[in-house]
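Asker: Test case, fold it:
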Amino acid sequence: MRKIHIISALFAFVLLGTSCEKAFMEKEPSNDPVTTFEYLWDVVDKQYSFFDVKGVDWDSVYAVYRPKVSEKISDDSLFNVLGAMLNTLDDGHTNLVSSFDVSHNEEVYRRMYANKNINTEVVVLNYLTINYHTTGAFAHNAIRDGQIAYLRYSSFMDAIADDDLEYIVNKYKNTKGMIIDLRQNGGGSVDNVWNLMKLFPTGNRQLYQTQIKNGPKHDDFSEMTVMVQPSHDEKTTYRHPIAVLTDRGSFSATSFFSLCAKSNFQNVTVVGDTTGGGLGLPNGGELPNGWSYRFSITRTLDMNNNNYENGMPPDVTEILDPVQTAQGIDNVIEKACDILLNATK
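Answerer: Take a look at the predicted model:
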């Protein structure tokens with residue numbers, strides 16, 4: 001098992017997917033519907049990383065969907081068949097893309113949005129309030145009579161600058177705790193995971209393990225690589241307890257952040273609901289007919305070898321109470337405040 005301090009090494013793994021595909025698919029196929037189906041089924045069979053976690057028998061999937069494809073099938077119908085086949089993986093990082101449509105997994109999106117653990121109207125009106133501040137990607141304010149710093153970060157697609165973190169840390173240096181609200185944050189750039197972690201105490205902590213699919217068999221994976229917290233300037237470190245809020249809409253990069261937050265940071269508590277998962281990094285390619293695809297080709301485990309691809313559980317579960325919500329109260333935020341204030345007693 002190797003340790004990697006340079007986080008970009010993880011992205012190098014993903015780029016290997018292109019060379020892997022060339023190794024698995026040696027000759028240029030024709031672009032007819034049957035060949036396109038066979039190509040997609042085969043590349044998923046050889047490169048997808050979560051058949052065991054998802055409980056999918058890919059041969060059985062072939063038996064169901066291959067008879068639906070003929071040489072005379074229309075593009076619309078072929079797209080629907082291939083999209084439905086990919087959807088059996090139940091993976092939010094899996095899509096088929098054509099010039100006229102993009103496939104999505106209805107069950108994944110239903111879990112993310114139907115079970116959201118936040119009412120944004122309550123947050124905006126009663127916690128951020130009209131006097132909230134905007135610093136870079138963050139909306140923020142002091143709550144609980146100025147004792148708690150509340151930060152709302154809506155998407156890991158939004159860049160995080162060190163200057164913004166330093167400003168926020170200085171602004172709230174006299175508070176007793178900080179809430180980082182990542183509910184319904186659907187992910188984005190993993191670079192921003194490391195940037196947001198600069199609010200945490202610096203150190204040489206082991207965060208998680210990762211490996212890439214590197215052979216045609218379902219259990220062919222590279223050696224585990226341990227990802228280690230990168231060092232950072234302590235000017236961005238918040239020196240009091242931190243609570244991170246998550247829910248089922250916290251996906252992909254947000255699950256990575258939650259996993260990191262639970263990795264030996266004594267002053268960090270994750271509160272709310274289980275994330276939506278998405279801990280496999282996706283890679284893709286082009287089908288013989290010109291359509292493109294992507295799916296997960298890595299898997300990520302915590303340092304105890306637990307796989308949370310289907311969702312990272314919080315330290316403290318707190319589900320939004322509709323009665324309190326109707327009264328303008330976010331009981332998840334209130335729970336986090338109580339935890340933070342009790343930690344300073």
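Asker: three-state assignment of the residue lying closest to I143 once chain neighbours are set aside?
Answerer: Leaving out its chain neighbours, the residue that sits closest to I143 by Cβ to Cβ, 6 or more residues apart in numbering is Y150, at 4.9 Å. In short, each C-beta sits where N, CA and C put it, glycine included. At Y150 the chain is in strand, as set by DSSP: H, G, I helix; E, B strand; the rest coil.
Asker: what do you get for the one 10 residues further on?
Answerer: For I160, the secondary structure call by three-state DSSP comes out as coil.
Asker: As a quick check, tell me the outermost residue of the protein.
Answerer: Largest separation from the mean C-alpha position in the chain: K72, at 39.1 Å (Cα atoms, centre = their mean).
Asker: Now do it against N31, distance only.
Answerer: In this structure, K72 lies at 15 Å from N31, with Cβ to Cβ, to the nearest Å as the measure.
Asker: and if you look at V323?
Answerer: Note on V323: its distance to N31, by Cβ to Cβ, is 58 Å.
Asker: do the same with T237
Answerer: Between T237 and N31 the distance is 54 Å, computed by Cβ to Cβ.
Asker: do the same with F221
Answerer: In this structure, F221 lies at 31 Å from N31, with Cβ to Cβ as the measure.
Asker: before we move on, what about A161?
Answerer: Distance from A161 to N31, counting by Cβ to Cβ: 46 Å.
Asker: One more: S189?
Answerer: Computed as Cβ to Cβ, the S189 to N31 distance reads 34 Å.
Asker: Could you list which residues are in contact with the residue nearest to I143?
Answerer: Y150 is in contact with 127-128, 140-143, 178-179, 181, 333, counting by Cβ atoms under 8 Å, 6 or more residues apart in numbering.
Asker: Give me the spatial nearest neighbour of the residue most central in space within the chain, chain neighbours excluded.
Answerer: Among the residues of the chain, the smallest C-alpha distance to the mean C-alpha position (Cα atoms, centre = their mean) belongs to S252, namely 1.1 Å. Distance criterion Cβ to Cβ, 6+ apart; nearest residue to S252, sequence neighbours excluded, is G187 at 2.9 Å.
Asker: contacting residues around the one you found?
Answerer: For G187, counting by Cβ under 8 Å, 6+ apart, the contacting residues are 155-157, 251-255, 278.
Asker: same thing but at 6 Å, please
Answerer: 156, 251-254 (Cβ atoms under 6 Å, 6 or more residues apart in numbering).
Asker: Ok, L199 next?
Answerer: When contacts are counted by Cβ under 6 Å, 6+ apart, L199 touches Y238.
Asker: one more time with 8 Å
Answerer: With contact taken as Cβ under 8 Å, 6+ apart, L199 is in contact with 165, 169, 178, 180, 236-238, 242.
Asker: any idea of the mean pLDDT in stretch 50-58?
Answerer: For stretch 50-58, the mean pLDDT works out to 98.
Asker: Mind listing what's buried along it?
Answerer: Taking 16 or more other Cβ atoms under 10 Å as the basis for neighbour counts, the residues of stretch 50-58 that come out buried are 50-51, 53-54, 56, 58.
Asker: Among those residues, name the ones in helices.
Answerer: Per DSSP state H, helices hold the following members of those: 51, 53-54, 58.
Asker: of the residues you listed, closest to H133?
Answerer: Distance from H133 was checked for each of these by Cβ to Cβ. The minimum falls on V53, at 41.0 Å.
Asker: Relative to V64, how far out is the closest one?
Answerer: 20 Å.
Asker: Now do the helices in the stretch 151-300 of the chain.
Answerer: Secondary structure of the stretch 151-300 of the chain (DSSP state H, counting those that start in this stretch): helices located at 162-171, 190-196, 253-261.
Asker: closest to G203 out of those helices?
Answerer: When the helices of the stretch 151-300 of the chain are compared for distance to G203 using Cβ to Cβ, the nearest one is helix 253-261, at 11.9 Å.
Asker: list the helices and strands that closest one packs on?
Answerer: With contacts defined as 3 or more Cβ pairs under 8 Å, 6 or more residues apart in numbering; DSSP states H and E, helix 253-261 has these neighbours: helix 190-196, strand 206-212, strand 242-246, strand 268-272.
Asker: Now do the contacts for Y153.
Answerer: Under the criterion of Cβ under 8 Å, 6+ apart, the contact partners of Y153 comprise 137-138, 160, 180-182, 185, 196.
Asker: Most widely separated two among those residues?
Answerer: Spanning the widest gap among the contacts of Y153 are I160 and D181, at 14.6 Å by Cβ to Cβ.
Asker: Show me which of these two is the more surrounded one.
Answerer: The residue with more neighbours, out of I160 and D181, is D181; 30 against 23, by other Cβ atoms under 10 Å.
Asker: The more buried one contacts L245, doesn't it?
Answerer: Yes - applying Cβ atoms under 8 Å as the test, D181 and L245 come out as touching, 4.6 Å apart.
Asker: which neighbours do those two share?
Answerer: Taking Cβ under 8 Å, 6+ apart as the contact rule, D181 and L245 both touch 118, 333.
Asker: Is I160 in contact with G136, as I believe?
Answerer: Yes - shown here, I160 and G136 form a contact pair, counting by Cβ under 8 Å, at 6.6 Å.
Asker: how about the ones in helices among the buried residues of stretch 50-58, which pair is most distant?
Answerer: Farthest-apart pair in those is V53 and W58; separation 13.1 Å (Cβ to Cβ).
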